[in-house]
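Participant: return atomic coordinates for the entry below.
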Amino acid sequence: MSVMTLVSWALCGLVVGLIARFLIPGRQNMSLLMTMALGIVGALVGGFLYWSIWGASGASFSLSGDAWQGWIVSIIGAGIVLWGYAVLHPRLWWQ
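Facilitator: Sure, this is the predicted structure:
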């Protein structure tokens, strides 16, 4: 795995995580690093769900080419992961 592949995944994860945080209502207290991790894990979850339902791999999760299906699946997966994060780490009344 090259350095450019890692940078591409980090940048894509950050963009997907930010979009998921924008789409899910409520305030999420997390850093940009956590948002990037959310996006990467969301892409993996979305890809797994796509594979589970349709039995084939989806479009790649990258910055190159016509990969809009992969981005949509990744954002849906990140939304699911963000929702799970909010359930597991509820905000307390004093936060």
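Participant: centroid-nearest residue for this structure?
Facilitator: Centroid-nearest residue in the chain: residue 39, 2.5 Å away (criterion: C-alpha atoms, centre = their mean).
Participant: that one sits in which helix or strand?
Facilitator: helix 32-54 (DSSP states H and E).
Participant: residues of stretch 22-30 that come out buried?
Facilitator: Using 16 or more other C-beta atoms under 10 Å as the test for burial, stretch 22-30 gives residue 28. In short, each C-beta sits where N, CA and C put it, glycine included.
Participant: quick one: average confidence on it?
Facilitator: Across stretch 22-30, pLDDT averages out at 82.
Participant: the strands in the protein, which residues?
Facilitator: Counting by DSSP state E, one finds no strands in the chain.
Participant: pLDDT below threshold where in it?
Facilitator: Low-confidence segments of the chain (pLDDT under 70): 56-67, 92-95.
Participant: where do the helices sit along it?
Facilitator: With DSSP state H, the ranges of helices along the chain come out as 3-23, 32-54, 68-88.
Participant: if we can go back for a sec, if I look at the residue nearest to the centre of the chain, how far off is residue 5?
Facilitator: Going from residue 39 to residue 5 by C-beta to C-beta, to the nearest Å gives 15 Å.
Participant: what residues are up against the closest residue to residue 32 other than its chain neighbours?
Facilitator: Nearest non-adjacent residue to residue 32, counting by C-beta to C-beta, 6 or more residues apart in numbering: residue 14, 6.8 Å away. Counting by C-beta atoms under 8 Å, 6 or more residues apart in numbering, residue 14 makes contact with 32, 35, 36, 39.
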